[in-house]
Every structure is written in structure tokens, then in C-alpha cells.
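J.: Provide a 3D model corresponding to the input given below.
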Amino acid sequence: MTTDYSAQTLLIEGADAVAFAQAQFSSDVRLLKVGQWQFSAWLDAKGRVLALIQLARLADDALLALLRGGDAASLAQSLQRFVFRSKVKLTAQTPRHLGTGPALESYAFDSEGDGYVFGCGTHSLVVGAAADDAWRLPQLQAGWPWLPGNLPGELLPPAISLERLQAVAFDKGCYPGQEIAARLHFRGGHKRHMHCVVLSQPLTGGTLLRHGGKEAIHLLDVVVGETDVQALAVIDDDVVKLLESDAMNGVDEGISLRITANWPA
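T.: Just a heads-up that it's a prediction; the model follows:
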């Protein structure tokens, strides 16, 4: 399963744009000011992540969602079912290139012509720039996941550390999956979490690895560097303990990995 890193963007416009996003997405959209972005997600009724997004506020009545994996046209079609009488227009924009721009304060957002700039601290993520993937490694090392095509609807928010990314709010009222997300937050008990790992060989995002004959490791994004192969991986907690007991521990056939960082829910 390959990962598509093209810029899939969805415009949400109209007098009810913010109220609509507030009722559908997991973050507190009301806190978002013009010229800022935040992590957010769209969950299903069982609390699983259907879409992971960087949500920016273009104007008082306009938002832009940059999907971190997935297809904007499909998301627009799915969200359209919940518009009802709301004054909202959903527009899936033509996919464009993603490029790396100069350092810009994290969560700052700007428009440049028909392009968009998302500030990420040490760099910026630019929609509509010449394509390059220099942004991928620093975002991977920061624990900013990108969902491959086989994982939407498979992972709960704690598995990809959405609470740490402030992509899930627990005090803003109802949204799809809110009850499950809140239960996991207040009661805990989720047994899968995200880690940064070094792989012994190149693999693709979306690869499912086994340990001890059991499906236990989902690779998210993978970056092949000059000296190593780094990835974000969702790993069962009991398997993490086994992997950490050995500097390099085998999974599947001839593949090994080493955990270098981990994140809470």
C-alpha cells in the first residue's frame, strides 16, 4: 500500500461553515482564528479516524482542510450528507503538489496567490509549490502522522496521538465519535500507540507487520534517508515491551525495527 502525499484540500465556506465544522470535526474549531491552523479529525460513530486534517481558517466564514491522507472529493461527498439546511458549501479542490517552504511559526497560516502555507516551526508546508518531500522527515520525527490509504476507519485517536496534537476536544459538545473518544480519554485502556522506529529495510506506508505470528504493527509514513529508514508505526503495547527488550528485534520475515521515540495518546 503506497501513500499519496499530494495536497488534497477541501474548502468549507458559508455563514455556517465554522458551526458545521464544530459539529463534525473532533477539534474545537471555535478557537481557530483567521490566519491559524490546527490538527483535527473526522471520526465515525465508533470513534475511529476516517480523516486526519490540518484545518485552517481562511476568513470568518471560510475554512480549508488539508487532508493528511485520503481523498478530498470522497470526504466532501461524505460530509455533504450532514449539511441539511446549513449555509455551507463544500468544495474539493484539484489536487496539487506539496512542497517545503521557509521556517514559519507553528500553526500560522497564510495564502500566497492560489497557494497555501502551513507554518510548522522549523519549516512550512506549501500547497501549490514545486513538489519536494523535505518536510516529511521533520514531521515524522515530530510525530505528525500521515494516514496511508488502508487505515482510515481502522484507528482510534489514541493510536495516533491525537490528544497530544490537540486534535480532540472533550468539552465542546457532541460530534461523531465523541462518546468513544471521551471514554478513552477519561478511562484509558487503549492498548495501541504510535512510535518512531528505524527499519532494517525500506517498506511502504500501510504495511502491516507481524510479531510472534500476530498482526501487531501498522506502518504509517516511511522516509528512506541516506543512512537509515525511519517510520511512524502504531504498535500493540505488549509487543513494544518485547521490542524494547532487544536493540533490534525481528518482525515478519527478515525485517527488524528499533524504537527511537514514542508518544502518549
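
J.: excluding its backbone neighbours, what's nearest residue 125?
T.: The shortest distance from residue 125 to any non-neighbouring residue, by Cβ to Cβ, 6 or more residues apart in numbering, is to residue 118 (4.4 Å). For every residue, glycine as well, the C-beta is placed using N, CA and C.

J.: packing partners for the one helix or strand that neighbour maps to?
T.: When elements are assigned from DSSP states H and E, residue 118 belongs to strand 115-119. The elements that strand 115-119 packs onto, with contact taken as 3 or more Cβ pairs under 8 Å, 6 or more residues apart in numbering; DSSP states H and E, are strand 49-59, strand 62-67, strand 109-112, strand 124-127.

J.: where does residue 213 land on pLDDT?
T.: Turning to residue 213, the model gives it a pLDDT of 79.

J.: ugh, wrong one, I meant residue 38
T.: The pLDDT attached to residue 38 in the predicted structure is 98.

J.: now do the buried residues in the one helix or strand residue 243 maps to.
T.: Assigned by DSSP H and E, residue 243 belongs to helix 237-244. Neighbour-count burial for helix 237-244, counted by 16 or more other Cβ atoms under 10 Å, picks out 239-240, 243.

J.: list just the nearest of those to residue 175.
T.: Taking Cβ to Cβ as the measure, residue 240 is the one of the buried residues of helix 237-244 closest to residue 175, at 30.3 Å.

J.: any stretches of the stretch 51-200 of the chain with poor pLDDT?
T.: Screening the stretch 51-200 of the chain residue by residue with the criterion pLDDT under 70, one finds no matching range.

J.: in space, what's closest to the residue positioned nearest the centre of the chain - neighbours in sequence excluded?
T.: The residue at the geometric middle of the chain, judged as the C-alpha nearest the mean C-alpha position with Cα atoms, centre = their mean, is residue 52 (4.0 Å). The spatial neighbour of residue 52 that comes closest, neighbours along the chain excluded (Cβ to Cβ, 6+ apart), is residue 68 at 4.5 Å.

J.: the one you found and residue 152 touch, don't they?
T.: No - checked against Cβ atoms under 8 Å, the pair residue 68 and residue 152 is beyond contact range at 10.7 Å.

J.: follow-up on the earlier one: and the strand holding residue 118, how far out from the chain's middle?
T.: Between the centre of strand 115-119 and the centre of its host chain there is 17 Å, according to Cα atoms, centre = their mean, to the nearest Å.

J.: and for the residue lying closest to residue 42 once chain neighbours are set aside, the neighbour number?
T.: Taking Cβ to Cβ, 6+ apart as the measure, residue 42 lies nearest to residue 51, with 4.3 Å between them; neighbours along the chain are not counted. Burial of residue 51 is recorded as 26 neighbouring residues (other Cβ atoms under 10 Å).

J.: count of residues packed around residue 221?
T.: When neighbours are counted by other Cβ under 10 Å, residue 221 comes out with 24.

J.: and stretch 38-48, C-alpha only, in CSV?
T.: Taking Å, rounded to 0.1, in the frame of the first residue of the first chain, the C-alpha atoms of stretch 38-48 are listed here in CSV:
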residue,chain,number,x,y,z
GLN,A,38,-5.0,23.2,13.9
PHE,A,39,-4.9,19.5,13.8
SER,A,40,-8.4,17.9,13.6
ALA,A,41,-10.1,14.7,12.6
TRP,A,42,-13.4,13.3,11.4
LEU,A,43,-14.4,10.2,13.3
ASP,A,44,-17.1,7.6,12.7
ALA,A,45,-19.7,6.7,15.2
LYS,A,46,-17.3,4.1,16.8
GLY,A,47,-14.7,6.8,17.3
ARG,A,48,-12.3,5.6,14.6
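
J.: thanks a lot, catch you later.
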